[in-house]
Every structure is written in structure tokens, then in C-alpha cells.
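Q: I would like to see how this sequence folds:
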Amino acid sequence: MGSKPSKPQFITVLGDKQVEMGKEIILSCETNTEGLTVTWEKDGHTLKCVQDKHVMKQDGNNWSLQILNADEVDEGNYTIKLENQSGRDACSAKVIVELKEWRTVQWKQNEMVDYLRTFTIDIDEVKELRFLLYGLVGAGKSSTINTIKTIFGGSQFVNCLAEAMSTTSFTMKYEKYVIADGKEDLLPLAFNDTVGVEKEQGVHTDDIISALRGHIKEGYVFNPKSQISEENPHYLKNPSLSDRIHCLVSVVAADRIAVMDQEIINKMRQVRQAANRMGIPQVVFMTRVDLACPLTKENLRYIYKSKKVRDNMQKCSSLLGIPVNCIFPVKNYHMETHVSGDINCLMLDALTQIVDWANDYVAQIAQI
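A: Residues are numbered from 1 along each chain as shown. Take a look at the predicted model:
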């Protein structure tokens, strides 16, 4: 009667891989015994070996999976499972495939900063372009303002308070934030922060639409149960072009797109449709990209090589009805204690484009 074989165990385990598209991927490990039944899985399903794509090998106690000509479909979690009559064991590894860069960013901030510093609005009566930040609670509206202020202030700015991972909105009033270039000069840009969108609480949709038209003055306290009335002292009956919002910026967290509630999506689409009827440009700042994608978390410059970022942008476009070329993935200051050139450049890349769109809108409306 033969002795029972050793329970399978790994001497070395699979290691995570990050490769460029078109390269080969090799996952390998070593086990403690032979005579094993081995199964490879991808994302929880048995991996079907495709000719000229997958090569599974065994050399003694060494096992490997070779994936040729890596493509985006090869990205995922790979698992090798061992089994014999004495037991089972398994280990997994994550494979990330860098896509070919599908959008470019200028990773030198000086030129973009200079462009915004010297920017002039085409219509003299409008002294500042106004951007309305609107989106879910915790998506990063206030943090976006802090990040923009940090870029031009030269050090981290936190006066526009942001609540970390909150489920209720920290902002309660309609606030306007101007952007100072250094200590004195102001850029012709202003950002209005609002209460976050919630299912039953948060900002009233009609208040956002009134703000787009310029009817709401700074300091108005949002009431989730009722919209502003014309009798309210913060209601502006005859807004000028300067009072209006010139670009709607919807703020969405990249790591929460898949779990967005339909009621919230409907509210955001309703505001977007109202802005569309007014001709107001609409964009999305897709925040928290580092939490949605390990590739981007490792290096922000991989932002437009990331399959997860691209897929989330496409999901966001489908949910909100905004074209992908109007969606800008960004990262706000959160855990960092020092200014980051890459965080700045990603935000500046978005700002230099939306400033032009807002300026075009102002010029168009002024001609009507």
C-alpha cells in the first residue's frame, strides 16, 4: 500500500504583471510535489487554451502560462489551482495590459499655467467665466476647487473644506470661489460649489437649473425639499450674462460609477438636458482615478493607457449622455502633503480646454 502524496503547496507563487500591448506575459510558479492536477482560470472561469495565444507548460515542479501578443482582453486576474488526493491549493496574480495611449497630456505645466494667466475673455462685460460644479456627495467637488487653487497658489490649499468619504454633503450654501494667481492677481475664472446630489436629500434639481440661468446669488442655503422662490432675497430676477453659469462641470467618482443609483443618474441627466437647452457647455470631471485603476495609482502618467479608465469614461458617457471627449479623468489632492506636477498637469489639461469652451459660449450668447 503506497504512501499518500504530499499536500500540494506553492514554493513560489504567481507574480502580478504589467505589460505593454503586444508584448508577451509569463506567469510562473513552483510547487512542492509532482503528480498534480492543475487548472488555470481567468477571472474565475476556466481558461480555455487558444492556439497561438496561450502556452501552458510543466517542467518538473515548475508550472507556467505564457500569453502571446498581449491584448486588452488578456487583462484580468489569473489563478492556478493545484489538486491531488491529499488536498488543494491555489494562488492568483493580476495582469494589467497598458493600452496604446489614446489621448495625450502635456506633462509640463508651465505653458498651460501661462496660458491661463494671460487668458482674456472675448466679451468685455464679462469679467470672469463661471463654472458650476455639480455631482454626487463625496465625488470631489470641493476637492476639485482646492486642487485648482493649489496649482496657482503654489502650495496646497484647503480652505474650501472637503469631507473625506462622506455620505452627506459638506457644502450647504451656494459658494463662489475665485482663483488667485499668487497672493494678489485674480484669474478671470470662478467656480461655484453646490450641495451634493442625493436620493432624498441634497440639492434640489430646480435650484441647479436656476443657478445655471444666473438667478441664485452667493450665500443661498439649499433646501432639499423646495426650490428657491422669487421672493427669496438670494433670488436674482434679471441676471446679466456675467451672472449666468458659462460651463456645467459634473463631478463623478471613477470608482463609484458602476454603483450609481438610477435616481441620481436621472437627476444629473435632467440638469444636463436643461443646460443643453440653454446651450451651456457640459463636461465631466471624473475624479478618484487612482482608486479605480491600479495602473494609474502607480503612475498617473498611465492615465490614457488604462483600460479601466477608458471603460469608466465610456460608462460615464452612456449614463449621463455626455460625449467621451468631454470627460476628463482627474486626480485631486487627498493623501498628498506636497504639490505634485502630474496632478497639476492633468487638471490643467482639462482647464485649458473648458475655459475655451466657456469663452465661446459667452461670445455666442452676447451676439444674440
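Q: at which residues are the strands of the stretch 51-200 of the chain located?
A: Counting by DSSP state E, counting those that start in this stretch, the stretch 51-200 of the chain has strands at residues 54-59, 62-67, 76-84, 87-98, 129-135, 175-181, 185-193.
Q: and of these, who's closest to residue 21?
A: Closest approach to residue 21 among the strands of the stretch 51-200 of the chain is made by strand 87-98 (5.7 Å; C-beta to C-beta). In this view, the C-beta of every residue, glycine as well, is placed from N, C-alpha and C.
Q: now the closest one against strand 76-84, angle please.
A: 160 degrees (axes from the mean of the first three to the mean of the last three C-alpha atoms, to 10 degrees).
Q: and residue 296, that's in a helix?
A: Yes. According to DSSP: H, G, I helix; E, B strand; the rest coil, residue 296 belongs to a helix.
Q: out of the strands of the stretch 51-200 of the chain, which one sits most buried?
A: Comparing those by mean neighbour count (mean count of other C-beta atoms under 10 Å), strand 129-135 ranks first with a mean of 25.
Q: for that one, what is the distance to the chain centroid?
A: Counting by C-alpha atoms, centre = their mean, to the nearest Å, strand 129-135 is centred 17 Å from the centre of its parent chain.
Q: tell me the pLDDT at residue 226?
A: The per-residue pLDDT reported for residue 226 equals 89.
Q: same thing with residue 44?
A: 96.
Q: how about the biggest helix by length in the chain: buried residues?
A: If you go by DSSP state H, the chain has its longest helix at helix 341-366. Residues 343-352, 354-355, 357-359, 361-362, 365 are the ones in helix 341-366 that count as buried (16 or more other C-beta atoms under 10 Å).
Q: how about low-confidence regions in the stretch 1-150 of the chain?
A: Scanning the stretch 1-150 of the chain for pLDDT under 70 picks out 1-2.
Q: now the helices for it?
A: Applying DSSP state H, counting those that start in this stretch to the stretch 1-150 of the chain gives helices spanning 109-117, 141-153.
Q: most packed of these?
A: Using mean count of other C-beta under 10 Å, the stretch among the helices of the stretch 1-150 of the chain with the greatest mean number of neighbours is helix 141-153 (a mean of 23).
Q: how about the CA coordinates for that one, as CSV?
A: Provided in CSV are the C-alpha atoms of helix 141-153 (Å, rounded to 0.1, in the frame of the first residue of the first chain):
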residue,chain,number,x,y,z
LYS,A,141,-16.4,69.0,-6.0
SER,A,142,-14.8,70.9,-3.1
SER,A,143,-11.5,69.0,-3.6
THR,A,144,-11.5,70.0,-7.2
ILE,A,145,-11.6,73.7,-6.2
ASN,A,146,-8.8,73.0,-3.7
THR,A,147,-6.7,71.4,-6.4
ILE,A,148,-7.2,74.3,-8.8
LYS,A,149,-6.3,76.8,-6.1
THR,A,150,-3.2,74.8,-5.2
ILE,A,151,-2.0,74.9,-8.8
PHE,A,152,-1.9,78.7,-8.9
GLY,A,153,-1.1,79.3,-5.2
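Q: just send the strands of the stretch 51-200 of the chain back as a markdown table, with distance to residue 47 too.
A: Shown next, in a markdown table, are the strands of the stretch 51-200 of the chain (distance: least, C-beta to C-beta, whole Å):
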| stretch | distance to residue 47 |
| --- | --- |
| strand 54-59 | 7 |
| strand 62-67 | 8 |
| strand 76-84 | 7 |
| strand 87-98 | 12 |
| strand 129-135 | 39 |
| strand 175-181 | 52 |
| strand 185-193 | 48 |
